[in-house]
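Trainee: curious how this folds, go ahead:
(2 chains)
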Amino acid sequence: MDEQVVISTQNLVKQFQVKDGAVTAIDGVTLQVRRGETYGLIGPDGAGKTTTTRVILGLLTRTSGQSSILGHDSMRDTYRIRERVGYIAQQFALPGDLTVMENVRFFARVQGVSSAEQRRRIPDLLEFAGLSGFTDRLASRLSGGMKKKLALACSLVHEPQVVLLDEPTLGVDPVSRREFWNLLGDLRRERGTTIFVCTPYMDEAERCNWVGLMYEGRLIAHDSPGKIKQMVPGRLLEFKPSDFVPAWRLVPDLPGVLEVQTYGAMLHIFVDDPDRRGREIEAALAAQGITCEGMREIETRMEEAFISLIRKQSAGASDAA
Amino acid sequence: MDEYAVQVEDLTKRFGDFTAVDRVSFRVRRGEVYGWLGPNGAGKTTTIRMLLGLLKITSGRALVLGYDPSTQAKHMQAHVGYMSQLFTLYNDLTARENIRFYGQAYGLSRAELRHRQAEIIEMAGLQGRENELTATLSGGWKQRLALGCAIVHRPEVVFLDEPTAGVDPVSRRDFWGLIYAMAKKGVAVMVTTHYMDEAELCQRVGFISEGRLVALDTPDRLKKTHMRGQVLEINADDPERAMGLLKAAQQAGELVCDEIAFYGAQIHAVVPDAQALQPVITAYLASEGVRVSSIEWIVPTLEDVFISAVTPSHKRPE
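Mentor: Okay, here's the model as predicted:
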């Protein structure tokens, strides 16, 4: 076994039996997460991210293929995996009638952490999560962001080498999401923890070393965020049109325009030549009485790459049909 | 007909000695998309629940379509739609059955219900899935179905509480298309969101922090009036290290900077003078071995404004 590979799947398949046959939720996924890496699994809703996570953990049986964590087979060694792996389930709920300290102690006992070890670890862990000042507060009285930090602390109490986090920042405000990701950064740097995270937030995907993009049960891209962004052809222009809908209708037909996306009240346009096409777009819109505010070239982000890659997949799927 | 669908004056909610909503005033026009933003626990949901008549108002006044939610919630209901964070759908019913259930609860006639079912299934893009159990639908579809159920009775005002939480970027855009189509028909929409690109789509935005309304205006004007500094967008080869270095310089007092934050892999620094500090930051990072591929003075995003507006004054550097 390769010591550097922490999570591994080979041709992983998961089917669910339904009334009129079977639905394939995971369709031959092969992925590897290396030690110390932060791996982000992204994809549209229903792509199979949560199912993949649960199968890897052994919480769902697989239909075929292989999956393992730290060399332990997901199906045979489920309990060994639980001992060595931290997990935050999607839309988890911590016992709200327990305090912060009681919650962490509860998870420590479940994981078989000795009292002596608890005394040593828990203060450090709460300090790390920024919860030292709130040990006696009921979990139900914590803010959304603090609840997520508490969940992270609970998932780390047995000092796992790897944590799997399924949409850990769902419904959390932007400032608290950053704080949570700063904790993940500390975890990676200071303890070398391997982190596997499913997220619908593309700014979070940017902070991973490696990203897997799932679509309809398949892994359609896996690479560093930088490389994934390079998969979208062309360079990116951004501007805010004075009249949005007519501009959005007109721009796709202009020469050199490869793709048009919306971002808030702005248009994001992939073009072959940003200087030239920028001027042309401005002129074409000006002819319709539309002005372009803040026209500039920007670097492609995961948000744009995601939309572009998913659109191409779904267009390809309907062409094939 | 009154121009305003929602009117709120000095609205206050106290739970014991905790003030969740503190003398908040705003109005929402018919056909307007009004964004209601703030950190977790700021009082967003509490405000909406008072407007729906689900929570008692401690003091102040609210009118929804001319009705007082604390005494006339029953009359108001037929004209108001609500979609909560939890998408209150019945998982063991099909998509079609969910729509029928909500339609019947709102007292729609059978003919009207048939008509609305077809409309909503099309709107939500659920053709071909209308007979699947809701439990098996994934986020984006569930969310559009929940919206359909919330507006099955053609309400004049709709409250959407974090309707796009956890939904992927493509579905989020589709969903906002639906919101805009509603507003165009004259429906007033009050929506909470943590996505600042969505906030940019609102005609007006209210920021609430610790129960107080700290800013209310159009997104464009907020960026001009509520940012204390100028924003530099920095793309560096090693963003994590660049961030560490900039934070250290800020703490050491070598870099005058109000705020440094990650935007994905980019860094935004809020500084008093963007032009003057551009070369300083580039040179400083280069001297520590981090190459800056671009550093640009940009129009602040609403997220920059949000961070600036909701940072409690005691946490602000003096």
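Trainee: please name the residues that touch the residue nearest the centre of chain A.
Mentor: Geometric centre of chain A, nearest residue: residue A:199, 2.5 Å, by CA atoms, centre = their mean. Residues in contact with residue A:199, defined by CB atoms under 8 Å, 6 or more residues apart in numbering or on different chains, are A:40, A:41, A:42, A:167, A:168, A:169, A:205. Backbone N, C-alpha and C define where each C-beta goes, glycine included.
Trainee: rerun at 6 Å
Mentor: residue A:40 (CB atoms under 6 Å, 6 or more residues apart in numbering or on different chains).
Trainee: correct me if wrong: residue A:162 contacts residue A:8.
Mentor: No - using CB atoms under 6 Å as the test, residue A:162 is too far from residue A:8 to be in contact (11.6 Å).
Trainee: which neighbours do those two share?
Mentor: Counting by CB under 6 Å, 6+ apart, nothing touches both residue A:162 and residue A:8.
Trainee: quick check, pLDDT for the one residue in the stretch 201-318 of chain B that gets nearest to chain A.
Mentor: Here the stretch 201-318 of chain B gets closest to chain A at one residue, residue B:264, 3.3 Å apart by CB to the nearest CB. The score at residue B:264 is 87. That number is its pLDDT.
Trainee: excluding chain neighbours, give the residue nearest to it in space.
Mentor: residue A:206 (3.3 Å; CB to CB, 6 or more residues apart in numbering or on different chains).
Trainee: where do the helices sit along the chain?
Mentor: No chain was given, so I picked chain A. Along chain A, the segments classed as helices by DSSP state H run A:49-57, A:78-84, A:100-110, A:115-128, A:144-155, A:174-191, A:202-205, A:225-230, A:244-250, A:274-286, A:302-320.
Trainee: correction: the question concerned chain B.
Mentor: B:44-51, B:69-77, B:95-105, B:110-123, B:139-150, B:169-184, B:196-199, B:219-225, B:239-251, B:274-287, B:302-310.
Trainee: least confident of those helices, on average?
Mentor: helix B:302-310 (a mean of 82).
Trainee: mind pulling up the pLDDT for residue 268?
Mentor: No chain was given, so I picked chain A. 96.
Trainee: sorry, I should have been clearer: chain B.
Mentor: At residue B:268, pLDDT is 93.
Trainee: for it, what are its contacts?
Mentor: Residue B:268 neighbours (CB under 6 Å, 6+ apart): B:231, B:233, B:261.
Trainee: ok, back up a step: would you mind confirming that the residue nearest to residue B:264 makes contact with residue A:225?
Mentor: Yes - with contacts counted by CB under 6 Å, residue A:206 reaches residue A:225, the gap being 5.3 Å.
Trainee: what sits in contact with each of the two?
Mentor: Here residue A:206 and residue A:225 have residue A:302 as joint contacts, going by CB under 6 Å, 6+ apart.
Trainee: which one of those two is surrounded by more residues?
Mentor: More crowded of residue A:206 and residue A:225, by other CB atoms under 10 Å in any protein chain shown: residue A:206, with 24 against 21.
Trainee: how about that one, what does it touch?
Mentor: Applying CB under 6 Å, 6+ apart, the residues near residue A:206 are A:225, A:302, B:264, B:265.
Trainee: the first one: what's it in contact with?
Mentor: This points to residue A:225. A:206, A:211, A:302.
Trainee: per-residue pLDDT, it?
Mentor: Residue-level pLDDT assigned to residue A:225 equals 94.
Trainee: what separates it from residue A:42, distance-wise?
Mentor: 10 Å (CB to CB, to the nearest Å).
Trainee: pull the contacting residues for the nearest residue to residue A:301 once chain neighbours are set aside.
Mentor: Closest residue to residue A:301 apart from its sequence neighbours, by CB to CB, 6+ apart: residue B:264 at 5.7 Å. The contact partners of residue B:264, by CB under 6 Å, 6+ apart, come to A:203, A:206, A:301.
Trainee: which one of those is nearest residue A:105?
Mentor: Distance to residue A:105, by CB to CB, is smallest for residue A:203 among the contacts of residue B:264, at 34.0 Å.
Trainee: on the pLDDT front, check residue 260 for me.
Mentor: Since you didn't name a chain, this refers to chain A. Per-residue confidence (pLDDT) for residue A:260: 96.
Trainee: not quite, I wanted chain B
Mentor: pLDDT, residue B:260: 91.
Trainee: look up which residues are beta-bridged to it.
Mentor: Note on residue B:260: beta-bridge partners by DSSP bridges are residue B:269.
Trainee: get me the contact residues on chain B for chain A.
Mentor: B:39-41, B:138-140, B:165-166, B:168-171, B:194, B:197, B:200-201, B:235, B:262, B:264-265, B:299, B:303 (CB under 6 Å from any CB of the partner chain).
Trainee: now do the buried residues in stretch A:156-172.
Mentor: Within stretch A:156-172, the residues scored as buried using 16 or more other CB atoms under 10 Å in any protein chain shown are A:156-158, A:160-172.
Trainee: nearest spatial neighbour of residue 277, skipping sequence neighbours?
Mentor: Here I'm looking at chain A. Per CB to CB, 6+ apart, closest to residue A:277 is residue A:271, 3.9 Å.
Trainee: try chain B instead
Mentor: residue B:271 (4.8 Å).
Trainee: care to break the chain down by domain?
Mentor: Defaulting to chain A. A:5-228, A:233-299 (automatic domain parsing).
Trainee: please refer instead to chain B.
Mentor: B:4-224, B:228-299.
Trainee: is it possible to export those to CSV including distance to residue A:143?
Mentor: Below are the domains of chain B laid out as CSV (distance: least, CB to CB, whole Å):
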stretch, distance to residue A:143
domain B:4-224, 4
domain B:228-299, 19
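Trainee: of all those, which gets the most neighbours per residue?
Mentor: Among those, domain B:4-224 has the highest mean neighbour count (mean count of other CB atoms under 10 Å in any protein chain shown), at a mean of 19.
Trainee: pull up the distance across it, start to finish.
Mentor: Domain B:4-224 has an end-to-end distance of 26 Å (criterion: CA to CA, to the nearest Å).
Trainee: before we move on, back to that, quick one, what contacts the residue nearest to residue A:277?
Mentor: A:234, A:237, A:256, A:257, A:277.
Trainee: switch the cut-off to 10 Å
Mentor: The contact partners of residue A:271, by CB atoms under 10 Å, 6 or more residues apart in numbering or on different chains, come to A:234-237, A:251, A:254-260, A:277-278, A:280-281, A:297.
Trainee: and what of residue B:142?
Mentor: Contacts of residue B:142 (CB under 10 Å, 6+ apart): A:45-46, B:87, B:89, B:91, B:95, B:98, B:124, B:134-136, B:167, B:171.
Trainee: by pLDDT, give me the weakest of those residues.
Mentor: residue B:87 (69).
Trainee: how about low-confidence regions in chain A?
Mentor: Counting by pLDDT under 70, the ranges of chain A that qualify are A:1, A:317-321.
Trainee: please report phi then psi for the residue of the stretch 1-150 of chain B found nearest chain A.
Mentor: Of all residues in the stretch 1-150 of chain B, the one sitting closest to chain A is residue B:138 (2.8 Å; CB to the nearest CB). In terms of degrees, to the nearest 10, the main-chain angles of residue B:138 are phi -100, psi 180.
Trainee: residues of the stretch 1-150 of chain A that sit close to chain B?
Mentor: With CB under 10 Å from any CB of the partner chain as the criterion, the stretch 1-150 of chain A meets chain B at residues A:16, A:18-19, A:23, A:42-50, A:90-91, A:141-148.
Trainee: of these, select the buried ones using a PyMOL command.
Mentor: Selection of the buried residues among the residues of the stretch 1-150 of chain A next to chain B in PyMOL, burial being defined by 16+ other CB under 10 Å:
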select buried, chain A and resi 42+43+44+45+46+47+48+49+50+142+143+144+145+146+147+148
